[in-house]
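[1] fold the following and give me the result.
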Amino acid sequence: MTEPITYADAGVDTKAGDLAVELMKDAVRATHGPAVLGGFGGFAGMVDASALRDMRRPLLATSTDGVGTKVAIAQALGIHDTIGHDLVGMVVDDIVVVGARPLLMTDYIACGKVVPERIAAIVRGIAEACSLAGVALVGGETAEHPGLLGEDEYDVAGACTGVVEADEVLGPDRVREGDVLIGLASSGLHSNGYSLVRRVIAHAGWALDRKVPELGRTLGEELLEPTRVYAADCLALAQDATAQVHAYTHVTGGGLAANLARVLPAGMVADVDRGSWVVPPIFDLVRELGSVPWSDLEHTLNLGVGMVAVVGADGADAALARATELGLAPWVLGRVASGAVTTADADIVAGTKGVDGGAVRLVGSYRWS
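    Residues are numbered from 1 along each chain as shown. Below is the predicted model of the structure:
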């Protein structure tokens, strides 16, 4: 008679999963306001949406994303409580681009082996970032995939739903000739381009614990710097009528120009001055170590610009003042003009992400410290 094979023999430890849930539940509950119903651990998270009845025409907005290969840095360093900020930032800051207020978020963690303390640390980070964004973390899933992922490997993903009044949606329809582009500083690399960054670091033979004077800390600490979560601040800025916010763009995969072009109407071109800000040291370090062309960097990394607000010319001063109050470190990045452009020009970016909209012209040269 053959020996019986249990689920644990197959590599799945349900007791470890239960312990992980126990360790994370307080952090998750801390994101719940009175609108969240059903407590913790149900099959589905529930949110009381009756407040939406008072809206004139509520539109639901949704977004989903992951963190990409930045998780490899977290795994290599054994630091798991910051990657959740990256996940939340990547999702809720897409929601706020249309002016939507995040309502609820869910997460998904796939791992080779459930280590309760590690899973709980990941979720604590997600919950902390949800609190910063003002969104409830109402559900999630941890899946153990032995044989597919190594015991120390995991990946994270999440989804968010938000709401916005139909007549308050931000985007291309509001953008006008003469609008001012206001850059909002990134906290570092955020969560894009890590395949390039990791390849460069490996090529240079640099260890993550290497102290880098120009960074003021170790390489690993810099690479694991959490993505800034802009949602609450960007909503506050948009709600200030004097700021005249017409559109936002979230600078993620594809870089500044590719993402900015998505929120411009056809027939409009945004002139972006590369010299209007100082590129943070980590980006120039990647360039030097890998001999990466500036053109490749600007099509891959945010280069220090995490979000862009497109505001009316008459509201630019008010927008800069309010964004400064919010700690967003703003500056004038450029302006919107009308006119035909030709994509044969290497400095023109248009038609990205399948959007047939406006174009972005990059002018000048980058400055770095």
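[2] how many residues are close by G150?
    Residues near G150, counting by other Cβ atoms under 10 Å, number 13. To be clear about C-beta, it is placed using only N, CA and C from the backbone, and glycine gets the same treatment.
[3] look up phi and psi at it.
    With angles defined as degrees, to the nearest 10, G150 sits at phi -70, psi 160.
[4] the helix ranked longest in the chain: how far from the chain's middle?
    If you go by DSSP state H, the chain has its longest helix at helix 116-133. Average the C-alpha atoms of helix 116-133, do the same for its chain, and the two points are 15 Å apart (Cα atoms, centre = their mean, to the nearest Å).
[5] wait, V28 touches E128, no?
    No. At 10.7 Å, V28 and E128 do not qualify as touching, with contact defined as Cβ atoms under 8 Å.
[6] out of these two, which sits in the busier spot?
    In this view V28 and E128 are compared by other Cβ under 10 Å, and V28 has more residues nearby, 25 against 21.
[7] contacting residues for the spatially most central residue of the chain?
    Closest residue to the average C-alpha location of the chain: M90 at 2.4 Å, with Cα atoms, centre = their mean. Residues counted as contacts of M90 (Cβ atoms under 8 Å, 6 or more residues apart in numbering) are D65, G66, V67, G158, H190, S191, T227, T252.
[8] you'd agree the last one is up against L189?
    What that stands for is T252. No. Contact criterion Cβ under 8 Å: T252 and L189 do not qualify, at 11.3 Å.
[9] overlap in contacts, these two.
    Residues touching both T252 and L189 (Cβ under 8 Å, 6+ apart): N302.
[10] of the two, who's got more company?
    In this comparison of T252 against L189, neighbours counted by other Cβ under 10 Å, the higher total goes to L189 at 25 against 22.
[11] quick one: low-confidence parts of the stretch 251-369 of the chain?
    Confidence mapping of the stretch 251-369 of the chain against pLDDT under 70 gives the ranges 340-346.
[12] the stretch 1-150 of the chain now?
    1-2, 5-6, 9-10, 13, 17, 23, 39-40.
[13] can you give me the helices in it?
    Ranges of helices in the stretch 1-150 of the chain, per DSSP state H, counting those that start in this stretch, are 14-29, 70-77, 83-95, 116-133.
[14] same thing with the stretch 151-300 of the chain?
    194-204, 219-223, 231-238, 255-261, 281-290, 294-298.
[15] state the distance from A61 to D94.
    Between A61 and D94 the distance, using Cβ to Cβ, to the nearest Å, works out to 9 Å.
[16] no no, L87
    Taking Cβ to Cβ as the measure, L87 falls 12 Å from D94.
[17] neighbour-wise, which of these two wins?
    Here L87 and D94 are set side by side on neighbour count (other Cβ under 10 Å), and the busier one is L87, at 30 against 21.
[18] quick one: the more buried one and S63 touch, right?
    No. Counting by Cβ under 8 Å, L87 stays clear of S63, with 11.6 Å between them.
[19] circling back to that earlier point, rebuild the contacts of M90 as a markdown table, extending it with distance to A321.
    Shown next, in a markdown table, are the contacts of M90 (distance: Cβ to Cβ, whole Å):
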| residue | distance to A321 |
| --- | --- |
| D65 | 31 |
| G66 | 36 |
| V67 | 33 |
| G158 | 33 |
| H190 | 25 |
| S191 | 30 |
| T227 | 25 |
| T252 | 27 |
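[20] most tightly packed of the helices of the stretch 151-300 of the chain?
    Highest mean neighbour count of those: helix 255-261, a mean of 25 (counted as mean count of other Cβ atoms under 10 Å).
[21] want to throw the helices of the stretch 151-300 of the chain into TSV with distance to V164?
    What follows is the helices of the stretch 151-300 of the chain, written out as TSV (distance: least, Cβ to Cβ, whole Å):
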stretch	distance to V164
helix 194-204	31
helix 219-223	34
helix 231-238	10
helix 255-261	19
helix 281-290	33
helix 294-298	30
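[22] anything in contact with each of L87 and D94?
    Both L87 and D94 are contacted by D65, under the criterion Cβ under 8 Å, 6+ apart.
[23] what residues are up against the residue lying closest to V138 once chain neighbours are set aside?
    Spatially, and ignoring its direct neighbours in sequence, V138 is nearest to G45 (2.8 Å; Cβ to Cβ, 6 or more residues apart in numbering). By Cβ under 8 Å, 6+ apart, the contact set of G45 is V36, G38, L104, T106, A136, V138, G139.
[24] leaving out the residues flanking it, which one is nearest to the second one?
    Just to be clear, that refers to G38. Closest residue to G38 in three dimensions, ignoring its sequence neighbours and counting by Cβ to Cβ, 6+ apart: M46, at 4.6 Å.
[25] G162 and P102 touch, don't they?
    Yes. Look at G162 against P102 with Cβ under 8 Å: they come within range, at 4.4 Å.
[26] now do the shared contacts for these two.
    Common contacts of G162 and P102 (Cβ under 8 Å, 6+ apart): V92, I95, V96, V135.
[27] and those, which is closest to G171?
    V96 (11.8 Å; Cβ to Cβ).
[28] from A236, how far out is the closest one?
    Applying Cβ to Cβ, one obtains 10 Å for the distance of V96 from A236.
[29] can you give me the strands for the stretch 101-250 of the chain?
    Under the criterion DSSP state E, counting those that start in this stretch, the stretch 101-250 of the chain carries strands at the ranges 101-111, 136-144, 154-165, 180-185, 211-212, 217-218, 245-250.
[30] contacts only, for Y230.
    For Y230, the set of contacting residues under the criterion of Cβ under 8 Å, 6+ apart consists of G89, D93, V96, L184, H250, G306, M307, L328.
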